[in-house]
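Trainee: Okay, structure incoming, though there's no sequence with it:
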């Protein structure tokens, strides 16, 4: 690793350059010139780029386009030596010596196309690729000379991929259908190896020496000259449009540009960029997250945190690498701001506490190394906090985005959070965020503000903005129908936390019971019964008519009236007294008499009132009653989880 002063100096230089205006140049460069610069190491890839993955059919199509002089798209490069310092790596297949050089430019867009052409045209070695069915194969690529010269033949048909042996066989290898294993056989069959494009004169001289002995030499020679003029020159004279970003381009600009031009490729996030930048300083950030050499990384430690054997993963399984970096950024930017205050700065001179992508891209390696262990402890404490609240699975986590400030708050408070009074404040903040539905979008500002304000509140400061701003309306309960709703999940967790007992077994839903009994949210008045009674689905599907129950209990309930399934449960449990059964129902905030009477309307009114009281106690302030109608449905989950959860299971 380089000396801290050298790193700091380079960081200052990078910061200065990052403030420069992004500029670029556009020019056309010869294809072979570009490939030669990749071969020599002057053009390399930033380490965040994915590996070369094109299959042989896409390579054949690309070759066909170039052979006809058709455009195959521009490439984009970044001049090195400026604001962004990525660890470089050579094009796949480039010689080892190329990696010993410092690149002049990094290839941001066009890797798959240029690497494919480099593999086929420059290396003179068999190309390791894959079939469209993702099977690994080794191929040589040829042009059928006569098919190339025949205007009636589709050019794709003239591009031939050949096995490593250069033989096509049948009958399990016993019959040779076509043999190109020697140069003489290639000449005889009019098959031109694309690896000979760069050395055309040598190939042509060898062809002449072979063909001069033949009676039809003149005709063969004429056809090969036509092939050169009409086909080979399209490779040797092919110009590639190149957009080169200036060295002064900022990290944020590189990230945005890369995302814009790689819409069909691998999405680029801050973690990949930071990984490449830290690698330039000799640090393997990816190993921290994903592990290696038999050691589990943070990703696995978080996924396994408080995971029971009967569970597939723990409640932190959804924490991503950028979530972790956001929490680190909160500590770093807070300390930067504190130093600025000590220097007498104020107003706009004060840097912001931030967890934005830009703040992540500005996160020095020294800061990451300083805070990483503390932040990891914070996330592990967050797992304990969530489990104590009755949240055991990622799918039941109201907001993934709220875990970042939660972890940072717990990391900062440390042992102070063990105080019942402090823990109650953190719980109250958490539930205000959930039921106030404040972490659904545009959370970066709130994350930073909550980190500072909740810590200050825990230490005797003022009420945090999130707790002050959060408002919950009683009629919102009527529109909570989907698992994607954070507040929907929050009600379920509160019921389990407050001691809801299974209708059948009477067991409270501890973490162990939750997984062993396959507990989930189910209807109290069953769907089928409600449909038969003509009850509006918008009413019976709301969270007011749902509660956590074991899978076996839900099967017993079936689709009958509550009075009927209650009778079934009582018959199955002969030792269950009516009083005990009533108490189990009350643990779910259900009025037993209304359930026995199958009075859906009265039940909904009474349970809504009871749930309002439960939520009010959690957020520490009244729930609002109003006559103003709410929208029919609200989706308030953070977008990162919407695609992952799939359809609701009820």
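Mentor: Thanks, I have the structure now. Nothing here was measured: the structure is a model prediction, and the numbers come from that model.

Trainee: hey, where'd the strands end up in the chain?
Mentor: 24-30, 43-46, 75-79, 88-89, 105-109, 127-130, 136-144, 159-163, 167-170, 175-179, 191-193, 239-245, 520-523, 546-549 (DSSP state E).

Trainee: how close does residue 246 sit to residue 89?
Mentor: 22 Å (C-beta to C-beta, to the nearest Å). Any C-beta I mention is one placed from the backbone N, CA and C, and that applies to glycine too.

Trainee: make that residue 400, sorry
Mentor: Between residue 400 and residue 89 the distance is 32 Å, computed by C-beta to C-beta.

Trainee: likewise residue 417?
Mentor: From residue 417 across to residue 89, the span is 43 Å (C-beta to C-beta).

Trainee: Buried residues in stretch 350-362, which are they?
Mentor: Neighbour-count burial for stretch 350-362, counted by 16 or more other C-beta atoms under 10 Å, picks out 351, 353, 354, 355, 356, 357, 358, 359, 360, 361, 362.

Trainee: What of stretch 213-232?
Mentor: 220, 221, 224, 227, 228, 231, 232.

Trainee: End to end on that stretch, go ahead and measure it.
Mentor: 25 Å (C-alpha to C-alpha, to the nearest Å).

Trainee: what sits up against that stretch?
Mentor: Here stretch 213-232 makes contact (C-beta atoms under 8 Å, 6 or more residues apart in numbering) with 67, 143, 145-146, 148-149, 190, 192, 197, 200, 204, 207-208, 211.

Trainee: Quick one, which of the residues you listed are buried?
Mentor: Neighbour counting by 16+ other C-beta under 10 Å classes 67, 143, 145, 148, 149, 190, 192, 197, 204, 207, 211 among the contacts of stretch 213-232 as buried.

Trainee: Find the nearest non-adjacent residue to residue 464, please.
Mentor: Nearest residue to residue 464 in three dimensions, chain neighbours excluded: residue 453, at 3.8 Å (C-beta to C-beta, 6 or more residues apart in numbering).

Trainee: how close does the one you found sit to residue 359?
Mentor: 18 Å.

Trainee: Repeat that for residue 190.
Mentor: From residue 190 to residue 359 the distance is 61 Å (C-beta to C-beta).

Trainee: Check residue 279 too.
Mentor: 20 Å.

Trainee: cool, and residue 80?
Mentor: Distance from residue 80 to residue 359, counting by C-beta to C-beta: 24 Å.

Trainee: so where's the stretch 1-150 of the chain uncertain?
Mentor: 1-22, 48-50, 83-84 (pLDDT under 70).

Trainee: that older thread, of all the buried ones among the contacts of stretch 213-232, which comes closest to residue 73?
Mentor: Proximity of these to residue 73 (C-beta to C-beta) peaks at residue 67, which lies at 15.9 Å.

Trainee: check contacts around the closest one.
Mentor: Residue 67 neighbours (C-beta under 8 Å, 6+ apart): 143, 148, 155, 158, 159, 231, 234, 235.

Trainee: Counting only helices, which of the contacts of stretch 213-232 make the cut?
Mentor: 67, 145, 146, 148, 149, 200, 204, 207, 208, 211 (DSSP state H).

Trainee: Distance to residue 109 and pLDDT for the buried residues of stretch 213-232 - can I get that in JSON lines?
Mentor: Shown next, in JSON lines, are these (distance: C-beta to C-beta, whole Å; pLDDT from 0 to 100):
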{"residue": "220", "distance to residue 109": "42", "pLDDT": "94"}
{"residue": "221", "distance to residue 109": "42", "pLDDT": "95"}
{"residue": "224", "distance to residue 109": "36", "pLDDT": "96"}
{"residue": "227", "distance to residue 109": "32", "pLDDT": "97"}
{"residue": "228", "distance to residue 109": "31", "pLDDT": "97"}
{"residue": "231", "distance to residue 109": "27", "pLDDT": "96"}
{"residue": "232", "distance to residue 109": "27", "pLDDT": "97"}
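
Trainee: could you dump those to a markdown table with distance to residue 122?
Mentor: A markdown table is the format used below for these (distance: C-beta to C-beta, whole Å):
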| residue | distance to residue 122 |
| --- | --- |
| 220 | 27 |
| 221 | 27 |
| 224 | 22 |
| 227 | 20 |
| 228 | 19 |
| 231 | 18 |
| 232 | 15 |
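
Trainee: and of these, the nearest to residue 60?
Mentor: Distances from residue 60 to the buried residues of stretch 213-232, taken as C-beta to C-beta, are shortest for residue 231 (14.8 Å).

Trainee: Quick check: that closest one vs residue 625, distance?
Mentor: As judged by C-beta to C-beta, residue 231 and residue 625 stand 79 Å apart.

Trainee: do the same with residue 70
Mentor: Taking C-beta to C-beta, one finds residue 70 at 68 Å from residue 625.

Trainee: Check residue 359 too.
Mentor: Noted for residue 359: a distance of 41 Å to residue 625, by C-beta to C-beta.

Trainee: ok, now residue 119?
Mentor: Applying C-beta to C-beta to residue 119 and residue 625 gives a distance of 69 Å.

Trainee: So, low pLDDT: which residues of this protein?
Mentor: For the chain, the stretches flagged by pLDDT under 70 are 1-22, 48-50, 83-84, 252, 255-256, 258-269, 627-650.

Trainee: let's see it at 50
Mentor: For the chain, the stretches with pLDDT under 50 are 1-21, 263-265, 635, 637-650.

Trainee: quick check: longest helix of it.
Mentor: The chain, longest helix under DSSP H: helix 365-388.

Trainee: Give me the buried positions along it.
Mentor: Buried-residue list, helix 365-388, by 16+ other C-beta under 10 Å: 365, 367-368, 371-372, 375-376, 378-383, 385-387.
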